[in-house]
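K.L.:
predicted structure and sequence below. I'll ask about it afterward.
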Amino acid sequence: MVNKWKKHIRVLAAFMLGIAAVHCIPGESINAVDISDDATYILDIELAGENTGYLEDLEKANTTVDFYRVATLIPDPKYDTYSFNSLIDFSIDGKKVDLSKYDVLSKLDAEKWDQLSEQAAEKVLPDGTGFDKKVSTTSDSISLNPGLWLVVPHDTTQIQAEDKDLPEGIISLVHTPRYTYVYRPQLIAVPTTDNGSTDGTWQSRSTATLKPERLKRYAKILVTKDLLKYETTTEATFVFEVKASYNQDMSDPVYNNVVALTFSAAESQSHLFDDIPADTFVQVTETYDGSSYTKEYSADDIRHIEAYKIGDEGDEIEEFKFGNSYDKPPRSGSGINNHFDQRKDDPAKWSWDKEYKTGDYEETTGGTEQ
């Protein structure tokens, strides 16, 4: 994948040491755990929790999960547990942290593990150092040797998507047709005890549930008007309506916008829409074709629009092209430019601005629409 992880400024906010050291509590020695380097444990991977509603959509993604071992395990001399022999110099608030000491581990809360997971990602991902083993899987399970593992899910597609409003921090991305899933680096220890167990039983198979943030993806379209012939002193205005729906019959539209293009010469003009919901069917209709002009060609067919991508030659943008030519003496005409936005206070409602255009004046009004 191109640029499968991205670094921003803010410290990582969410961490889940989901199956590990939190259960390594000193106590009675029970069924001594095998942490030799040739031992193996099965880890089942859930790319999101079942209660999020994300799993069905994530099945459409091409996802690889990379595991980097950043620490081996040290058996505790008294109890059936372990600490870590770290391959990275971890620190918290500028002070070195010795993960080989259990009393240090026992004082690490979620915020401190946030710092450690970020440090591991900063070392491993750009430098390729700080780990002794790397394994990857595209399935929902993997066999791992004992250790502390940095987990990085990412998209395996070779064309990088352009994502809006990404959160800050070190993140990796997984794309589906309609959504981007944002994952933060995560440390997981193997083996673990059963979360529901009170006797400290070590498990040969356990589950890691990842916790992504989900963002909507968008598509770009370009509406182009070619005015082939202009023979009047009156400005020519052409109005286009853009609708998008997840249904091919255009029922239940999820997007509606209008743009007006005004000409005073024979030329081409274009308007870029970069906020079309991805994986929708889009139809562009010329609702007003100007005074004294006749339509030469149009692009009012329904097209399926995918999320925009950055390829070798730049943005891949779907273009809807229309052409008009001067036909007869002018008749009175005007255009209306509407801009629709989903309301923040009530996402079920939309608001719009109308801009009435003629050759003499502009006027803007506002309103709401269910």
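P.N.:
Ah, there it is.

K.L.:
show me where the stretch 1-150 of the chain has strands.
P.N.:
Across the stretch 1-150 of the chain, reading from the start of the chain, the strands by DSSP state E, counting those that start in this stretch fall at 5-7, 41-46, 63-75, 82-86, 91-92, 95-96, 133-137, 141-144, 147-155.

K.L.:
got CSV for those, with mean pLDDT and mean neighbour count too?
P.N.:
(C-beta placed from N, C-alpha, C; glycine too.) What follows is those, written out as CSV (pLDDT from 0 to 100; neighbours: other C-beta atoms under 10 Å):
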stretch, mean pLDDT, mean neighbour count
strand 5-7, 43, 16
strand 41-46, 94, 18
strand 63-75, 95, 22
strand 82-86, 93, 20
strand 91-92, 90, 14
strand 95-96, 90, 8
strand 133-137, 95, 14
strand 141-144, 96, 16
strand 147-155, 94, 24
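
K.L.:
please tell me how far residue 325 sits from residue 178.
P.N.:
Computed as C-beta to C-beta, to the nearest Å, the residue 325 to residue 178 distance reads 40 Å.

K.L.:
redo the strands of the stretch 1-150 of the chain as CSV? Include distance to residue 247.
P.N.:
Conversion of the strands of the stretch 1-150 of the chain to CSV gives the following (distance: least, C-beta to C-beta, whole Å):
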stretch, distance to residue 247
strand 5-7, 34
strand 41-46, 31
strand 63-75, 27
strand 82-86, 53
strand 91-92, 52
strand 95-96, 58
strand 133-137, 36
strand 141-144, 36
strand 147-155, 27
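
K.L.:
so for residue 225, which of these sits nearest?
P.N.:
Of all the strands of the stretch 1-150 of the chain, the one in closest proximity to residue 225, counting by C-beta to C-beta, is strand 147-155 (36.3 Å).

K.L.:
beta partners of residue 63?
P.N.:
When bridges are assigned using DSSP bridges, the partners listed for residue 63 are residue 155.

K.L.:
that one: what's it in contact with?
P.N.:
Contact partners of residue 63, counting by C-beta atoms under 8 Å, 6 or more residues apart in numbering, are 47, 138, 153, 154, 155, 156, 174.

K.L.:
so how far is residue 109 from the fifth one?
P.N.:
If you measure residue 155 against residue 109 using C-beta to C-beta, the figure is 32 Å.

K.L.:
and for residue 47?
P.N.:
For residue 47, the distance to residue 109 (C-beta to C-beta) stands at 26 Å.

K.L.:
which of these two has more residues huddled nearby?
P.N.:
Neighbours around residue 47 and residue 109, counted as other C-beta atoms under 10 Å, are more numerous at residue 47. The numbers are 23 against 8.

K.L.:
who is the residue nearest to the spatial centre of the chain paired with across the strands?
P.N.:
With distances taken as C-alpha atoms, centre = their mean, residue 180 lies nearest the centre of the chain, 2.3 Å away. The residues paired with residue 180 through beta bridges, assigned by DSSP bridges, are residue 175, residue 215.

K.L.:
re the thing from before, widest-spaced pair of the contacts of residue 63?
P.N.:
In terms of C-beta to C-beta, the contacts of residue 63 reach their longest pairwise distance at 47 and 156, which sit 13.2 Å apart.

K.L.:
re the thing from before, the residue nearest to the centre of the chain against residue 174, yeah?
P.N.:
Yes. Under the criterion of C-beta atoms under 8 Å, residue 180 is in contact with residue 174, at a separation of 7.4 Å.

K.L.:
please consider this matter closed, and thank you.
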